[in-house]
Structure formats: C-alpha cells, structure tokens
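Sequence and predicted structure are below.
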Protein chains: 4
Amino acid sequence: ADQLFLISGPCVIEEESIMMRTAEKLKEVSERLSIPLIYKSSFQKDNRSSVDYYMGPGLEEGLELLAKVKKEFGFPVLSDVHYPEQIGPASEVLDVIQIPAYLVMQTTLVVEAAKTGKVINLKHGQFLAPENMVKPADKAKASGNDNIILTERGYTFGYNDLVVDPRSFHHMNQTGYPVVFDITHSIRKYGIPSADPNGGAREFLPTLSRAGVAAGVDGVFIETHPDPAKALCDAASQLCVNDLEEFLKPLIEIHNLEVSYRNR
Amino acid sequence: ADQLFLISGPCVIEEESIMMRTAEKLKEVSERLSIPLIYKSSFQKDNRSSVDYYMGPGLEEGLELLAKVKKEFGFPVLSDVHYPEQIGPASEVLDVIQIPAYLVMQTTLVVEAAKTGKVINLKHGQFLAPENMVKPADKAKASGNDNIILTERGYTFGYNDLVVDPRSFHHMNQTGYPVVFDITHSIRKYGIPSADPNGGAREFLPTLSRAGVAAGVDGVFIETHPDPAKALCDAASQLCVNDLEEFLKPLIEIHNLEVSYRNR
Amino acid sequence: ADQLFLISGPCVIEEESIMMRTAEKLKEVSERLSIPLIYKSSFQKDNRSSVDYYMGPGLEEGLELLAKVKKEFGFPVLSDVHYPEQIGPASEVLDVIQIPAYLVMQTTLVVEAAKTGKVINLKHGQFLAPENMVKPADKAKASGNDNIILTERGYTFGYNDLVVDPRSFHHMNQTGYPVVFDITHSIRKYGIPSADPNGGAREFLPTLSRAGVAAGVDGVFIETHPDPAKALCDAASQLCVNDLEEFLKPLIEIHNLEVSYRNR
Amino acid sequence: ADQLFLISGPCVIEEESIMMRTAEKLKEVSERLSIPLIYKSSFQKDNRSSVDYYMGPGLEEGLELLAKVKKEFGFPVLSDVHYPEQIGPASEVLDVIQIPAYLVMQTTLVVEAAKTGKVINLKHGQFLAPENMVKPADKAKASGNDNIILTERGYTFGYNDLVVDPRSFHHMNQTGYPVVFDITHSIRKYGIPSADPNGGAREFLPTLSRAGVAAGVDGVFIETHPDPAKALCDAASQLCVNDLEEFLKPLIEIHNLEVSYRNR
C-alpha cells in the first residue's frame, strides 16, 4: 500500500503496434523500478473540441486491443467511459473503469460503473471543490462498491488554465481512498488543440510532479507514447515512454520519503 | 428578434399540480408582458450531489407531463438530456433540447441532439472559456443543425463560487447565435445542498439580472416555482412565480434600451 | 444624487497642451450631457512595470498643472497618491484624493488621506473580496471623514486577467457610499505593457460599461486622451476623448432606468 | 547554496521577552538542524484590516529590539518596510529588507530599498502572475542591487482564498534568484481576522510545505511564536516555535532530495 503505483499508456487507443510498443516499454520500466502498473488507454474520447479530431477506435475494437495488451503483458487495464451503455461491455475487459473529470457528477454513470464491482477511478472535476469529491465517491459506495480511486488533474483557474492546488491532495486523502496525481493532464492548455505544440506546458512537468507527489499520493497517472509529437490526442502533453524511467525516479524517492513521514 | 424571450418553469418536474399552476401563472405573465415563453422543466436531473436527492420522474413520465403542458398552454417545451439514448424519445415532445453545462463538451450527446433538428440550447460549461463555446456549437452545426442557443450561467471562480463575467456575453454574441442568461443558476452556491436556504444567494438577483441583460442578451432563463421553499430541487435559487412579473419589468426595459444601441 | 457623475481625464499628467485639450473637450461633453465632471490625472504613477516607463511629472509640477485646469475650467480635480508625504501638498490642490487599488489596505496612507477632510476615492483592491471594501472605508471613517467613494476596477481572475463581477456593485452599494465603475482599467491586460496595443481589450468596452452601470453605480470613471495611441500610459485602454459623448449616452440612459427601479 | 535556509520569527514585533524566547528557541533549532536562520519580525504592519488591531511598536522601538536580537544571537534580521522614509533608518539595522506582497509593484519603495545595498526580499504579489515577478526584480537590479530573494506566499483564488501554484516556483526559479516559500501566510484565510482561530487553515501545513519544497526552493519562511494563540497578529497561522524542529525535518530531507535531482 505504501508503494507508488503507476497508471500509464497512450491517451487514446491508436493502432496496435503503438499500443504494443508502449506496453513493452512500460513492462520494462515497471519491472526495473518495481512499480505496479495499470495500463491506460481510452477507447473513445468523447469530449474532443472538434468532431474532426480522432476519437479512438470505439468500444468494440478498443476493448479488443486492451484485452490483447492485458493477455500479452498481464497488466490490469483502464479506460474511461462516457455513457452508461458502454459500461456493460467495458466491464468485461477493464479492471479499472474511469469516470472523466467533466462527468464526475453524473449519477447514472457513476452508479452503473460502481455496480460492476470493478475499481472506479473518479477524476476530480475541474469545477468541483476538492472536498466535494466525497460526493461522487459516496454515490459509488451507496451502490455497494468502495473500490474507489480519486485522481487529481487540475482545477479551473481563470480562463484556459488549470491549477494544481496542493490542498486538493489533503482533502482527497481525508476520504481514505487511494489518491492519484494525473500529471500529464495538469499541463494541458485549454483552448489550444492538443495537437498544437503549445497545447501543453511540458516545462512544468518536473515542478508539478514533484510537488504533487510530495503532497501525498498513492499513484501517478502519466500518459505515455512512443512518439508523442505524432500522437493522435494530447500530442503536446504526453510523455515519451522512453523518458518515463528517468522521470519516475525522483517521484519514487519523494514518495518513499513522504510516506515515511505520513503517519508520524 | 429584438424582443426578449423567456425560458421558465420549475427546475425539475414535480407533481402535475405544481407543473400546471406554474404554467398558468407563466401564461398570464407572458401575455401581460408580451414576452414569448419556452416552458422549462427537467425530466431527470442526473448531477445532483447525492443519490438520495430527488432526480425527477424520469424520461417517460416526465415527457408525458411536458406534453400535457404543451397541449394545454401552447408553450414550446424544454428539458435537458444527459444521455444519448434519451434523445430519441425526448425529441418527440421537446421543442428545445438542452445540453447541461457540465456536458457541453460531450460530442456524441451534442451531435445526437443536433441531428433531431430541434433547437439546441447549449449551456455554457462552468470550466469553458466563453470564446470556446463556439466549439460545441460547431459540433451541432456540423450535424446540419444551426438552431442553436447559447446560455450563460456562470463560470468557476475559486472554489464553490460562480462568477458571471460580462465579457462572456460579448464572446457569445460574436457567434451570431441567440444568447440567453440563466439568472437563477448564477446564484447557486456550490457545495451547499440546493434545498438549504444558503444554497442560493437571492440578494444578487437584481444586480446580476440587470447587468447580464444590459450586457446584451436575447433571452432570460429563470427557474420559477409556486412555492420555492418547498421545491424538490434548487429551492434556494428558484424565483417564486408570483414575483416573476415585477422581476421582469426592468429587464425588459433594459433590454429594449440595449437593443436600441446595439446596431449603432 | 441620482444623476450619473463622471471622473475623466488622461491617465497620467502629460504636457500642458494635452491636459488642456482634454479638459476643453470634457467641458463640452459634460455641459452637453449635463453630467457633473471630476477631472482626473495622476501626478506620479508609482506602479508601472518598469523604471523605464514614464511616471509623470511628479508632485510639484503635476499639482501645478491640475491647479491650472481647476482654475481655468472650474472642475474639481483628482489624483491618486502613493505615499503619505505626498498627501499634505496634494490636499492643497486636489478635491478628491484617490487611493490606488494595490494600496487600499495601507492604513497610514488611507488614514492620512482621510484626515485632510477631502473626498477619498478608494479603488477596489484587485485581491480584496468586495464585501471587504468596508474595511478601508472604516479606516477613513474612524479618522472622522466619511466623504468616501468606492470604485470598482476588476478583480484578479487567474493570471493576467481581471474580471468585473456584477456582485461587487451589490456589495459596495450596501455600504451606502457612492459607487463608481472604473471602466477603462477593467480592460487592461496585465503582463502586457500598457503602451502595447494588446495591453487593453477595447472590444469589451460597450458590454462591460453597460453591464456595470446597470448593476447600479453613481458614477463612471473613464480615462480619456486626445490621442490614446500616443498616450504616455495606458495607451491601449484609454478612450479617445472625442468618442466620449457617444460612449456615455447609453450609460446615462441605463443609469436613469436603473435608478428608477432602485428604490422600488 | 544547496542548503535550505530559514526565515523565521514572530509576525509582528511584540514585547521583548517574546522576541527573546523565540530567538532562543530558533537558535537551538537552527544549530541542531544546521540550517541558516534569518530572524524575521515586522516593526509595523501597515495593512491590518482595522485601525483597532495592533500594528507593532513602530520604526524606532522595533529596530531597537531587532538590533538587540541581532547582537545577542548573531542572526541576520529582516523586517518589511511600507514607506520609503522608513528605509534609511531600517537599513541601519536590517540585513534583509522585505517588500510586502501588496506593495511589490511600488517603484519608489523597491528602488529606495535596493539602493541601500541590503538584501531585498520581494514577496510575490497576490495579484501578479509569477513570471512577472521579474519586473520588480528588474527595478531593484536597475538600482545596482541584485541581492534579491523572491518569496512565494499564495495567489488570489476566487474571493478570500489563496492558492499556492507549484508552477510559480518554476517561474521564480527561472530568474536565477533564491526562491523562498512563505508557508505560514499561504494558509491565511482572508476576510477573517487573523486573531480568529478560523483565520488560518493549519491543517494544510504538512501538505503545502512538502509540495512547495519539492517544487524547488532555497529557503522557507515560517512565522513562529512561543504561544501562537496569544500572538498579536496572525494568531491562527503562526507555528508554535516548539513545533518547528519536527516541522522542518521532512522539509530538509525533501529539499536535499530535490536538489540532488535539480541539475540532472
């Protein structure tokens, strides 16, 4: 429980070779660093800012690819869901069902996901005071499922900007559920397409990631891709999977240090 | 086109007598003030902060009640939808399909709603820079439907607070679509149950409503109820339908004045 | 008391001919519109973002020029002060002593200004919740002077942006002091030099000014210059004095309308 | 340069025995932890929210007490200044002259302080985008003094709240000047008197302090008092000096870890 875990993979499911190359590299890194991994990739991004942008392969094909990764590498797999009717089929493959930040207040979505008994990862709504994250968690729990993860990913700060407020980790830790820091979405610049090199502010990655982990988390969420510049979503914010190991090292050390002080 | 229109009715569909009494009073007011009315009430509120709160009668029963209001009073009717599968049945009754603020970035929801050919009311996402409201509008338009309304209802301002930025009306007016100001949701206090008398800040109603209308709108959105304190949702922010006429008078005058200067 | 008043003039005191040409034009406009005028220009801007920018002629020369305007045109005159030792000499010429927004919490500055018995214009601190504007007002009042004006000019909203929250006017009106809306500073874009054409967002002027006046004010504050593009400060936000009359007309009408509803 | 330093002491100068007891305890802690200390206490707090609150002993008496502490314990000493005329006398005793956050844009104040050649501690304005902190630093530097420290203390976030944005440390570190995190002011709750137990949110101290230090700082600023509940200013946010050692331990470890990764 005191060991940092990692949620990682390409933002959206792309062609099989990309998925496999990422998984392979993640396998290596997770073994070398002894860090448990959940493989994340979305079968359908339903909130892209234009209908012209790639949304993913969709439910059926996407789940097939995730099942393949799961089988070949043994990772638990995670995708988000956007609509209740996706939950049944998704739960046959996914180990973790993620509720997107924008949708975290949607009762039916959270309740239906919770009823599957799978782990539910609730992204922190960009508009929701962190102490109120207990509310969607309570909706899941009322459905008999308290396998809940809460994931911070930044809060609305003026227009087209997100701030990661360290106090958010305090509030979410108070709930008793595992808390994850989604580092790569925290550097997205709203209002700029995610394919635009200005759509992410990678210069903040070291500062933000270290601050967030020191604030007290159980896991980190880092979208990775073999060649981010060519990624079909969040090209400006994903981390190159080849850089992941070096990126994680200080975070693991900070986490271990933070844990050693946590219960004093 | 220069005449202010009104979207009004109880937040959520309650028992028939409440719906009818509100409609009757709205009929009177709209006729006396010669203000076109769209009757609004939601068949299902899917984002209440607890599963224990009343969510409405659901799709079937809710639509039946709206159909009754429509038949008896001749109003066009509006409800929001939260999931794509609601859109087919809803479009058989509704004249205006509303996309909730939290959900305005959900592509499938907006596209499916637009495909019905009905008027689409896009609530301004609490987390979306106002100039970006053109993005969900473009999604609707790309589906061949440009009967679009944009509705301001406040933007995330620190925690548990919404600000109505007058600049938002400027940005939304630039799109060329009719712009509506949702006055009653702008005074909701997040993090406090809507049944709590502190869950809304009614003292701001005159100031906010006049400022918003002077900023340039085509319509106003005001949730009304015969007895707000007993309303099953947003008890602290709805307006008593008996107070509506007096409340609207200055807004109509300010609107007429604003319109007279609009095209100079 | 129900008549809108105007605070206007160049942001900073420039050469005599500029000051006089502006005053002449203001005289014309104020007479034609029967709007009482306070002539505003600062003898020293102490918070410019670089020591290389023009700060004004300084206390002595600046006050001389204001005295000249006052004598020739009969206007009451206003400047801000930044340091207590300026207050003595300034009070010999000024009719209104303005406390800059950043400095509104400085006790000694407010108290010394108040002790002169002059009218004190407290700018709303960009970082101060509007209901807390009563605190600097109380400091002035405790010094025996309740000739106080409160002026809204926008509140910090994320980075490098100000929002004019209509609720602010409600709070400031609750104090009972006259409330002014500083329209031109509300469109300043922080982080961009005020000489840069992008340093102000003039496209928001009609929307913001009408919204603010409808929210309930007693006066408006509009910096004017005969040739804003060449102004030595706030070139991107000042209004051309030749455009002032047309700009004011809708504001006066909205104000009169708002006042007619104020006490009902 | 890689060793964390500490700025600490009572918020405002109180009676001699308080000052000495705090200094004694700070001496012990700084020696035991080998952490360099700058003793901080203000001779005059000029921005208290009421004239009825204690402002400190004033310039003369305050400087005498700081000189005593300096002589007896050998600490460099720091106070803020609010007006240019205080700078001459203050610079005869102070080793570090601090510019309060609200006043950081005041050119004359910064320039006069810089001209003394003393170290200048520029508090980050609550309304100033962190990348713009280079502007007041440039004003000091233009006066021939680049002994500059930049101190983060939270940024305006909605009303009556401050957020510590980890990105701020990145921006301030880019300037090349030493960066300090003022932890105790970051938990002040605006709009609530600092003597009210609700005027500070101490529950955030561990989270915020660890996050800030991991983000990359050179020093920490922690107001301390032998009996905070009885402190004459910031009673709700100061740390009990007896708790300082335990509070600092994880921060020093996190700092050392962060430094070890800083230059890779």
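Everything's here; your move.

Is whichever strand or helix holds A:Gly212 positioned near chain D?
Under the criterion of DSSP states H and E, A:Gly212 resides in helix A:205-216. Yes: figure legend: helix A:205-216 in contact with chain D (C-beta under 8 Å from any C-beta of the partner chain); contacting residues A:Pro206, A:Thr207, A:Leu208, A:Arg210, A:Ala211, A:Gly212, A:Val213, A:Ala214, A:Ala215, A:Gly216. Glycine gets a C-beta too; all of them are placed from N, C-alpha and C.

Excluding covalently adjacent residues, which one is nearest to whichever residue of chain A sits closest to chain C?
The shortest separation between chain A and chain C is 1.4 Å, found at A:Gly158 (distances taken as C-beta to the nearest C-beta). Excluding its sequence neighbours, the residue lying closest to A:Gly158 (C-beta to C-beta, 6 or more residues apart in numbering or on different chains) is C:Gly158, at 1.4 Å.

Read off the pLDDT value for that neighbour.
pLDDT, the model's per-residue confidence, is 97 for C:Gly158.

Look at it and tell me its secondary structure.
The three-state assignment at C:Gly158 reads coil, by DSSP: H, G, I helix; E, B strand; the rest coil.

residue closest to the middle of chain A?
The C-alpha lying nearest the average C-alpha coordinate of chain A belongs to A:Phe221 (C-alpha atoms, centre = their mean; 4.6 Å).

List the residues that contact that residue.
With contact taken as C-beta atoms under 8 Å, 6 or more residues apart in numbering or on different chains, A:Phe221 is in contact with A:Leu6, A:Ile7, A:Ser8, A:Lys40, A:Thr151, A:Arg153, A:Val180, A:Phe181, A:Asp182, A:Ile183, A:Thr184, A:His185.

Restrict stretch A:19-35 to CA atoms and write it as CSV.
As requested, the backbone C-alpha atoms of stretch A:19-35 are provided in CSV (Å, rounded to 0.1, in the frame of the first residue of the first chain):
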residue,chain,number,x,y,z
MET,A,19,-0.2,0.1,-28.1
MET,A,20,2.2,-2.9,-28.0
ARG,A,21,5.4,-0.9,-28.2
THR,A,22,4.2,1.3,-25.4
ALA,A,23,3.2,-1.7,-23.3
GLU,A,24,6.6,-3.4,-23.9
LYS,A,25,8.4,-0.3,-22.7
LEU,A,26,6.1,0.1,-19.7
LYS,A,27,6.7,-3.6,-18.8
GLU,A,28,10.5,-2.9,-18.7
VAL,A,29,10.2,0.2,-16.7
SER,A,30,7.7,-1.2,-14.2
GLU,A,31,9.8,-4.2,-13.6
ARG,A,32,13.1,-2.3,-13.3
LEU,A,33,11.5,0.1,-10.8
SER,A,34,9.3,-2.4,-9.2
ILE,A,35,6.3,-0.1,-9.6
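
still on that earlier bit, quick check: phi and psi on the residue nearest to A:Gly158?
Torsion angles at C:Gly158 (phi, psi; degrees, to the nearest 10) stand at phi 60, psi -160.

Please apply the same query to A:Cys240.
Per degrees, to the nearest 10, the residue geometry at A:Cys240, taken as phi and psi, is phi -70, psi 130.

thinking in terms of the whole chain, how far from its middle is stretch A:113-124?
Between the mean C-alpha location of stretch A:113-124 and the chain-wide mean there is a distance of 13 Å, by C-alpha atoms, centre = their mean, to the nearest Å.

re earlier: what does the helix holding A:Gly212 contact?
Residues external to helix A:205-216 that are found in contact with it (C-beta under 8 Å, 6+ apart): A:4, A:152, A:164, A:166, A:169-170, A:173, A:179, A:181, A:183, A:186-187, A:220, A:239, A:247, A:250-251, A:254-255, A:257-258, A:262, D:166-167, D:169-170, D:207-208, D:210-216, D:254, D:258, D:261.

now stretch A:58-65
Defining contact as C-beta under 8 Å, 6+ apart, one finds that stretch A:58-65 is touched by A:13, A:16, A:19, A:41-44, A:56-57, A:79, A:86, A:89-90, A:92-94.

ok, those vs C:Ala142, which is closest?
A:Ser42 (60.4 Å; C-beta to C-beta).

residues in contact with that closest one?
A:Cys11, A:Val12, A:Ile13, A:Gly56, A:Gly62, A:Ser79, A:Asp80.

ok, now with 10 Å
The contact partners of A:Ser42, taken as C-beta atoms under 10 Å, 6 or more residues apart in numbering or on different chains, are A:9-13, A:55-57, A:62, A:66, A:78-82, A:98, A:100, A:223, A:233.

got the buried residues for stretch A:247-260?
Across stretch A:247-260, burial judged by 16 or more other C-beta atoms under 10 Å in any protein chain shown covers A:Phe247, A:Leu248, A:Pro250, A:Leu251, A:Ile252, A:Glu253, A:Ile254, A:His255, A:Leu257, A:Glu258, A:Val259.

and those residues as CSV, adding distance to chain B, secondary structure and pLDDT?
Formatted as CSV, the entries for the buried residues of stretch A:247-260 read as follows, by distance: C-beta to the nearest C-beta, whole Å; DSSP: H, G, I helix; E, B strand; the rest coil; pLDDT from 0 to 100:
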residue, distance to chain B, secondary structure, pLDDT
A:Phe247, 28, helix, 98
A:Leu248, 30, helix, 98
A:Pro250, 30, helix, 98
A:Leu251, 27, helix, 98
A:Ile252, 31, helix, 98
A:Glu253, 32, helix, 98
A:Ile254, 26, helix, 98
A:His255, 27, helix, 98
A:Leu257, 29, helix, 97
A:Glu258, 24, helix, 97
A:Val259, 28, helix, 97
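
ok so, going back, what's the closest of the contacts of A:Phe221 to B:Ser50?
Within these, the smallest distance to B:Ser50 is 21.2 Å, found for A:Thr151 (C-beta to C-beta).

And the contacts of stretch A:58-65, which two are furthest apart?
Going by C-beta to C-beta, the two entries of these that are most distant from one another are A:Glu16 and A:Gln86, at 21.0 Å.

what about those two, which has more around it?
Between A:Glu16 and A:Gln86, counting by other C-beta atoms under 10 Å in any protein chain shown, A:Gln86 is the more crowded of the two (23 against 14).

A:Val93 is in contact with the more buried one, correct?
No: between A:Gln86 and A:Val93 there is no contact under C-beta atoms under 10 Å: 11.2 Å.

and for those two, which residues touch both?
Once C-beta under 10 Å, 6+ apart is applied, the residues that A:Gln86 and A:Val93 both contact turn out to be A:Phe43, A:Leu59, A:Gly62, A:Leu63, A:Ser79.

follow-up on the earlier one: just the contacts of A:Ser42: which are in strands?
Counting by DSSP state E, the members of these that fall within strands are A:Gly9, A:Leu78, A:Ser79, A:Asp80, A:Gln98, A:Glu223.
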